Every structure is written in structure tokens, then in C-alpha cells.
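> no sequence on this one, just coordinates:
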């Protein structure tokens, strides 16, 4: 039987699911998921802020109208 030579390059790590490509895909998944969660949390925090400002302005307008 012939002994198979090992590939000297790092390409053999990229070819299978145990290698770098799999790790890169998992890392990309976490980065994209984390970015999406961060973006949506920032968006909802901004909406909450604007809703609270709106209620403050409505109360101020009602107070101004009541005093006149």
C-alpha cells in the first residue's frame, strides 16, 4: 500500500467541515446575528425615546391649553 503524502499547504483545513471554512462560517453567523440584534435593540430604544417625548409634549400642550 502506498502511503498518502500530506498536503503541505493549509488548503486541506478549508476543504472539510472541521477546518477553517466551518469556523469562519460560524464566526460570520455570530457576527451577523449579533449585529442584527444590536441594530434592532437600538431601533426599539429610539422608538421608546420618541414615544416618551411625544407623551411629554402632549401633556405640556394640554397644560398650556388648560391654563388659558
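Sure thing, it's come through. For clarity, every value in this text was computed on a predicted model and none was experimentally measured.
> Determine the number of other residues adjacent to residue 21.
By the measure other Cβ atoms under 10 Å, the count of residues near residue 21 is 13. C-beta: built from backbone N, CA, C; applies to glycine.
> I'd like the average pLDDT over the host helix or strand of it.
Secondary-structure assignment from DSSP states H and E places residue 21 in helix 20-67. For helix 20-67, the mean per-residue pLDDT is 94.
> and it, how far out from the chain's middle?
13 Å (Cα atoms, centre = their mean, to the nearest Å).
> what about the most centrally placed residue in the chain, distance to residue 29?
The chain has residue 35 as the residue nearest its centroid, 1.7 Å off, counting by Cα atoms, centre = their mean. As for residue 35, its distance to residue 29 is 11 Å (criterion: Cβ to Cβ, to the nearest Å).
> Could you do residue 44 as well?
The value you get for residue 44 to residue 29, if Cβ to Cβ is used, is 23 Å.
> residues near residue 45, how many?
With other Cβ under 10 Å as criterion, residue 45 counts 10.
> Quick check: residue 37 vs residue 57, distance?
31 Å.
> ugh, wrong one, residue 42
From residue 42 to residue 57 the distance is 23 Å (Cβ to Cβ).
> what do you get for residue 38?
In terms of Cβ to Cβ, residue 38 sits 29 Å off from residue 57.
> Same question for residue 63.
Residue 63 is 11 Å from residue 57, by Cβ to Cβ.
> again with residue 64
Counting by Cβ to Cβ, the gap from residue 64 to residue 57 is 10 Å.
> And residue 47, by the same measure?
From residue 47 to residue 57 the distance is 16 Å (Cβ to Cβ).
> How many neighbouring residues does residue 22 have?
Neighbour count for residue 22, taken as other Cβ under 10 Å: 13.
> Same check on residue 26?
When neighbours are counted by other Cβ under 10 Å, residue 26 comes out with 10.
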